[in-house]
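*Asks:* take this sequence and fold it.
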Amino acid sequence: MLKLLRPAGAGCSVNTSSHWKIIRKSQRIEPSSLLPGRQKEKSIKGDSDIDECALRTHTCWNDSACINLAGGFDCLCPAGPSCSGDCPHEGGLKRNGQVWTLKEDRCSVCSCKDGKIFCRRTACDCQNPSADLFCCPECDTRVTSQCLDQNGHKLYRSGDNWTHSCQQCRCLEGEVDCWPLTCPNLSCEYTALLEGECCPRCVSDPCLADNITFDIRKTCLDSYGVSRLSGSVWTMAGSPCTTCKCKNGSICCSVDLECLHNN
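*Replies:* Down below sits the predicted model:
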């Protein structure tokens, strides 16, 4: 198997095949023969060499080719464009190291680094008098931009968030905006919504579960020795104020306190 290796001192803009040196895979390649500044990381575990190119763990730019080497890898320029590290973006090209603000979101800033685009929310510095209040409402200290909570007891600044009646609320320039609280998806079999909480949580006891899918194959045996299907309800023998329910093989009973008081 043949490998292409850039000769020492050759720059990335070289794209003629006659400028590449042919090295056989069995031939020992010294790290010093690679172009300075390119990746030459040692990636050998035991006697086996890790192929960063196949695993896509290399750091070559998007317009360069990854070449696996013994103990590392090299980034070579293919015929055509040079190794610029520029980033294709919306039909154009952003230069390596360029920083810009998104047209559709003025509160996000993006940068091009080695052929990859990274975006993040603009950092808010409230000590800066020219801070964009649209992107940084928490920096708005005007009284007219503050909000009273739904109970009329607490004052929030613009940009503050709080929870009310299982809703997520936010103060934005004097106006309160609320939306349903997003609860995490649960993958457990039984869930229960505890008193005072907005989101259900996982429980191991089916008797505590609020929302349960009954499995008719899981029956219960009552005190009379009668087999009860999952989901069926009955009154406990000798205790008219106690109601029982079969929940997937578990007998769950509850006592009616008003019934006890009247009897």
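*Asks:* look up how far Glu195 lies from Asp177.
*Replies:* 28 Å (CB to CB, to the nearest Å). All C-beta spots, glycine's among them, are computed from the backbone N, C-alpha and C.
*Asks:* between the two, which one's more packed in?
*Replies:* It is Asp177, of Asp177 and Glu195, that has more neighbours when counted by other CB atoms under 10 Å, with 11 against 4.
*Asks:* can you tell me the closest non-neighbouring residue to the more buried one?
*Replies:* Spatially, and ignoring its direct neighbours in sequence, Asp177 is nearest to Arg170 (5.4 Å; CB to CB, 6 or more residues apart in numbering).
*Asks:* tell me the spacing between that neighbour and Ala209.
*Replies:* Counting by CB to CB, the gap from Arg170 to Ala209 is 33 Å.
*Asks:* also Ser145?
*Replies:* Distance of Ser145 to Ala209, given as CB to CB: 45 Å.
*Asks:* ok, the spatially closest residue to Pro137 that is not a sequence neighbour - how many residues close by?
*Replies:* Closest residue to Pro137 apart from its sequence neighbours, by CB to CB, 6+ apart: Gly159 at 3.5 Å. Residues within reach of Gly159, counting by other CB under 10 Å, total 18.
*Asks:* what's near enough to touch Gly159?
*Replies:* Gly159 makes contacts with Cys136, Pro137, Glu138, Cys139, Asp140, Arg170, Cys171, Leu172, as judged by CB atoms under 8 Å, 6 or more residues apart in numbering.
*Asks:* can I assume the third one sits in a helix?
*Replies:* This means Glu138. Yes: counting by DSSP: H, G, I helix; E, B strand; the rest coil, Glu138 falls inside a helix.
*Asks:* report pLDDT for it.
*Replies:* pLDDT for Glu138: 78.
*Asks:* I'd say it and Ala131 touch.
*Replies:* No: Glu138 is not in contact with Ala131 according to CB atoms under 8 Å; the separation is 9.5 Å.
*Asks:* common neighbours of these two, please.
*Replies:* Residues touching both Glu138 and Ala131 (CB under 8 Å, 6+ apart): Cys124.
*Asks:* wait, what's in contact with Lys247?
*Replies:* Pro206, Cys207, Ala209, Ile212, Phe214, Ser230, Gly231.
*Asks:* for the stretch 151-263 of the chain, which segments count as helices?
*Replies:* Assigned by DSSP state H, counting those that start in this stretch, the helices in the stretch 151-263 of the chain fall at 257-262.
*Asks:* so where's it shaky on pLDDT?
*Replies:* For the stretch 151-263 of the chain, no stretch has pLDDT under 70.
*Asks:* in it, which spans are strands?
*Replies:* Under the criterion DSSP state E, counting those that start in this stretch, the stretch 151-263 of the chain contains strands at 155-156, 161-164, 167-172, 175-180, 191-192, 201-202, 220-221, 227-228, 233-235, 242-247, 250-255.
*Asks:* next one: phi and psi at the residue nearest to Pro137?
*Replies:* Per-residue torsions, Gly159: phi 100, psi -10 (degrees, to the nearest 10).
*Asks:* roughly how far does it sit from Trp179?
*Replies:* According to CB to CB, Gly159 stands 16 Å off from Trp179.
*Asks:* and for Ser84, the neighbour number?
*Replies:* 18.
*Asks:* that one - nearest residue in space that isn't next to it in sequence?
*Replies:* Using CB to CB, 6+ apart, the closest residue to Ser84 is Asn96 (6.0 Å).
*Asks:* ok, the one you found - contacts?
*Replies:* Shown in contact with Asn96 (CB under 8 Å, 6+ apart): Trp61, Ser84, Gly85, Asp86, Cys87, Cys112, Lys113, Asp114, Gly115.
*Asks:* TSV please, covering those and showing pLDDT, distance to Cys188 and secondary structure.
*Replies:* TSV is the format used below for those (pLDDT from 0 to 100; distance: CB to CB, whole Å; DSSP: H, G, I helix; E, B strand; the rest coil):
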residue	pLDDT	distance to Cys188	secondary structure
Trp61	63	45	coil
Ser84	70	51	coil
Gly85	74	47	coil
Asp86	80	48	coil
Cys87	85	43	strand
Cys112	90	43	strand
Lys113	83	41	strand
Asp114	77	43	coil
Gly115	77	43	coil
